[in-house]
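Engineer: just a sequence and a predicted model for now, questions to come.
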Amino acid sequence: MQLIWLLLLLQGSAQLECDRTHLQGIVGGSLMVMCKYNTHRFILSKKYWCHGDSRSTCEILADTEGFTKANVRDHFQIRDLRQKGLFVLMANLRLDDSGVYWIGIDKIYADIMSRIQVRVSEEILTKPRVWFPSPPQSSCWGQPVTVLCSSDRGTRVRYAWYQTGRTQDVKIADQDSLHLHCAAMEEDGRYYCVASNSLGSERSRTVTAQLLQPAEEDCIYAVTVNNESSYNCRERLGTTTTALSETTQEENEICFGSSAMSIDHATGLQNSRTMSTLPLWYKVLRWLLLSALLLILALVRRRSRTAPRPVLRRTSYPTACRHRVTFTKTMHEVKL
């Protein structure tokens with residue numbers, strides 16, 4: 001009986017051959033196995049993928065007639081491409097996918113089956129790298145800066161950001177991104193990212209934020225990785241210094257009409273102090289004299305308006321003179 005069973009296995013293996021019998025995968029990855037079978041005899045037969053230690057009791061997960069178990073519908077697929085082969089794809093691998101699987105072909109009396117051993121494990125992570133999704137130069141103008149952390153390899157990786165302290169480091173975020181902005185910066189800061197999974201942890205390079213001009217909204221700071229400076233804020237610092245000097249100059253100038261006069265703050269303060277120390281009687285006398293002067297000017301102006309104007313007198317000539325003038329005028333006209 002055992003000899004007959006062995007002969008059946010040998011016959012089945014000759015009619016169904018797979019490229020691999022041991023598969024090694026990582027969590028989140030995928031695996032594929034390809035098998036060749038006798039297409040002349042079994043091209044119309046049902047093929048299936050089942051899971052279990054025993055070929056007689058394994059659980060069918062998917063077959064080529066459209067059946068797929070509900071909980072593995074996006075996890076396992078089987079495709080019969082006939083002359084090209086029979087393919088099984090395992091995607092989004094999990095640790096509990098490890099075990100014994102079988103590829104089978106429906107056959108009367110005894111199915112043709114091939115055993116596949118699958119082992120799924122986590123991948124050792126690599127040292128995380130830190131990078132900027134957008135240019136960090138915006139920090140010179142008080143804009144927020146985002147720093148991202150990621151490992152090129154590793155499964156089920158968790159990320160966390162820490163800030164270096166004087167006595168101990170403090171965790172500030174359980175995520176892969178660090179957000180820097182003016183409201184959260186009161187002094188220079190040093191930060192780093194830690195990537196970890198069940199196999200270990202790795203630390204990234206240090207991110208340094210140098211606060212050049214503190215402010216709640218419009219601060220100036222520069223962000224570097226491992227003190228490798230790729231930019232500076234000289235342009236913004238120069239603009240800020242110029243603006244401050246112009247503002248100071250405007251505050252020190254008082255404009256009367258179209259002319260501007262520079263006022264020395266020290267002299268102004270001294271004059272104001274001198275005026276404030278004058279006695280009260282002196283101030284009253286000054287106001288009285290000014291009022292008297294204005295009154296005199298008003299009276300003079302009013303007097304000049306009400307003064308009588310000179311009358312122009314018309315010269316009267318005697319009668320004889322008038323006739324003479326008329327005669328002379330007549331003779332002159334005759335000559336003409």
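Structural biologist: Good, I have the coordinates.

Engineer: for residue 190, grab phi and psi.
Structural biologist: Main-chain torsions, residue 190, degrees, to the nearest 10: phi -120, psi 130.

Engineer: what about the residue nearest to it when sequence neighbours are not counted, how many neighbours?
Structural biologist: Here the nearest residue to residue 190 in space, its sequence neighbours aside, is residue 164; by Cβ to Cβ, 6 or more residues apart in numbering that works out to 4.1 Å. Bear in mind the C-beta positions are built from the backbone N, C-alpha and C, glycine included. As a burial measure, residue 164 scores 13 neighbours (other Cβ atoms under 10 Å).

Engineer: and the gap between residue 164 and residue 192?
Structural biologist: Counting by Cβ to Cβ, to the nearest Å, the gap from residue 164 to residue 192 is 7 Å.

Engineer: which neighbours do the two share?
Structural biologist: residue 206 (Cβ atoms under 8 Å, 6 or more residues apart in numbering).

Engineer: does the residue nearest to residue 190 touch residue 207 like I think?
Structural biologist: No: counting by Cβ atoms under 8 Å, residue 207 is not a contact partner of residue 164; they are 10.0 Å apart.

Engineer: so what sits against both of those two?
Structural biologist: 190, 191, 192.

Engineer: quick check, pLDDT for the first one.
Structural biologist: At residue 190 the predicted local confidence, pLDDT, stands at 94.

Engineer: list the contacts for residue 197?
Structural biologist: 122, 125, 154, 155, 156, 157, 158.

Engineer: what's the neighbour count on residue 162?
Structural biologist: Using other Cβ under 10 Å: residue 162 sits among 19 other residues.

Engineer: and it, how far from residue 210?
Structural biologist: With distances taken as Cβ to Cβ, residue 162 is found 18 Å from residue 210.

Engineer: got it, and residue 168?
Structural biologist: 22 Å.

Engineer: can you check residue 175 too?
Structural biologist: Counting by Cβ to Cβ, the gap from residue 175 to residue 210 is 24 Å.

Engineer: quick one: distance of stretch 158-168 to the chain centre.
Structural biologist: Relative to its parent chain, stretch 158-168 has a centroid offset of 22 Å by Cα atoms, centre = their mean, to the nearest Å.

Engineer: now stretch 197-214
Structural biologist: Averaging C-alpha positions (Cα atoms, centre = their mean) puts stretch 197-214 18 Å from its chain's average.

Engineer: just the mean pLDDT for the strand or helix carrying residue 300, thanks.
Structural biologist: Using DSSP states H and E, the element containing residue 300 is helix 280-306. Mean pLDDT, helix 280-306: 83.

Engineer: who does the host helix or strand of residue 149 touch, helix- and strand-wise?
Structural biologist: Using DSSP H and E, residue 149 falls within strand 145-150. Using 3 or more Cβ pairs under 8 Å, 6 or more residues apart in numbering; DSSP states H and E, the elements in contact with strand 145-150 are strand 129-131, strand 158-163, strand 177-180, strand 189-197.
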